[in-house]
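Asker: Structure for the following, please:
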Amino acid sequence: MKRIGRLARAATAGARCEFCRRHPRGAVIALLVAAGCATQSTGARPVTAAAASAGSIPTSLRWSRSSAEHRAIYLEVYRAAGDALAQRSAGHQTGSWAVILDADETVLDNSLYEQERTLAHQPFSAPSWDAWVKRAAATALPGAAEFTHRVQALGGVVVIVTNRDDSACDITRENLRRAEIAFDEALCKPAGAGDDKNPRFDAVAGGTSPSVLPPLDVVMWLGDNVQDFPHATQALRLTPVGDASLARFGVSWFALPNPMYGSWEHNPLP
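Answerer: Numbers count the residues shown, from 1 in each chain. Here you go, the predicted model:
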C-alpha cells in the first residue's frame, strides 16, 4: 500500500468529493455511489452484503478480492521473479546480496481494509488505517511467502522497505511473521521523512543507517507502485522517457498489480 501521501478523490454522478490526505495508505477506493458522498454527513447505515454484491463495491476492489486473474498474476510474477533470481544470484556469496520488496499490496494484502471502509460508506482515514495496522490482520498475497523463503534458500537477504510510519514498524514486522513472510530487515518511513524510498534503498546497498545490515548487492526489487523501484516515477509511462528503465521489468524489477490505489491516480488520461 503504497505508502505515499496524496489527496484522494472519488468521482460520483457529476460531483466530486475530496477526501483526506492519504498517508501511508494511498488513495481511497475510487468508486462510491452518488449517495456515498452524502452519507458522510447524514450517517447512513452501511450497505448490506446483498447491496454490495449488486454493485456498490468498486470493480477494482472486486477484482483484487475475488478474481482468478488476480491470484494467477501474483503467482506468475513471483514464479518468474524466483526463476530470474536463481540466475541473478549465481556466483554471489551467501549473505552478500539482497532482494528488496515493498510491503502493502506486494507481500501483504490490505484489500479487506478497503472492503470494510467501502461497506461502511467511509473513505480512508488515518485513524482507521492505524487501527487496521494494529490488528496485524493482513494476509500474504499469493506466492509472496514462498518467494521470500526461496530468496533465503538461495543465500539472499530479504529486506522489506515500506512507507508505513516507523511508529508502526514493530506491529508490521509481527504481521509479516504471522503471514509467514520471510524477512531479514523491515525498514519503515523514518519520522519526518518523505515518501521517497531511495535513501533507504541506498542504506541497504551501503550498509548505513537506518539499515543495520552490512553492505549488500541488491539484485532485485518487487513492488506494486512504480516508486517501489530505484528512482522510478510515473514518467516511465511516457515514450521515449521510460524505454530504458522499463526494460528492467521482468529482469531485476518485478511489478505486481494494484488497481485500488497508487501514484498513477494523478496521471492525466491521454
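Asker: Buried residues of the lengthiest helix in the chain, list them for me.
Answerer: When every helix of the chain is counted residue by residue (DSSP state H), the longest turns out to be helix 68-88. For helix 68-88, the buried set under the neighbour-count rule, 16 or more other Cβ atoms under 10 Å, comprises 70, 74-75, 77-78, 81-82, 84-85, 88. (C-beta placed from N, C-alpha, C; glycine too.)
Asker: and which of those is nearest Val251?
Answerer: Within the set of the buried residues of helix 68-88, Ala84 lies nearest Val251; the separation is 6.6 Å, counting by Cβ to Cβ.
Asker: need the contact list for that closest one.
Answerer: Contact analysis of Ala84 by Cβ atoms under 8 Å, 6 or more residues apart in numbering lists 220, 250-252, 254.
Asker: I'd like the distance between it and Arg150.
Answerer: When Cβ to Cβ, to the nearest Å is applied, the distance between Ala84 and Arg150 equals 11 Å.
Asker: Ser125 now?
Answerer: Taking Cβ to Cβ as the measure, Ser125 falls 37 Å from Arg150.
Asker: Is it correct that Phe147 is in contact with Tyr78?
Answerer: Yes: Phe147 lies in contact with Tyr78 (Cβ atoms under 8 Å); the separation is 4.3 Å.
Asker: Mean confidence (pLDDT) on the helix or strand Val159 falls within, please.
Answerer: Following DSSP states H and E, one finds Val159 within strand 157-165. Per-region confidence: strand 157-165 scores 98 on mean pLDDT.
Asker: and it, what other elements does it pack with?
Answerer: Other helices and strands packing on strand 157-165, by 3 or more Cβ pairs under 8 Å, 6 or more residues apart in numbering; DSSP states H and E, are strand 97-101, helix 144-153, helix 169-178, strand 185-189, helix 198-206.
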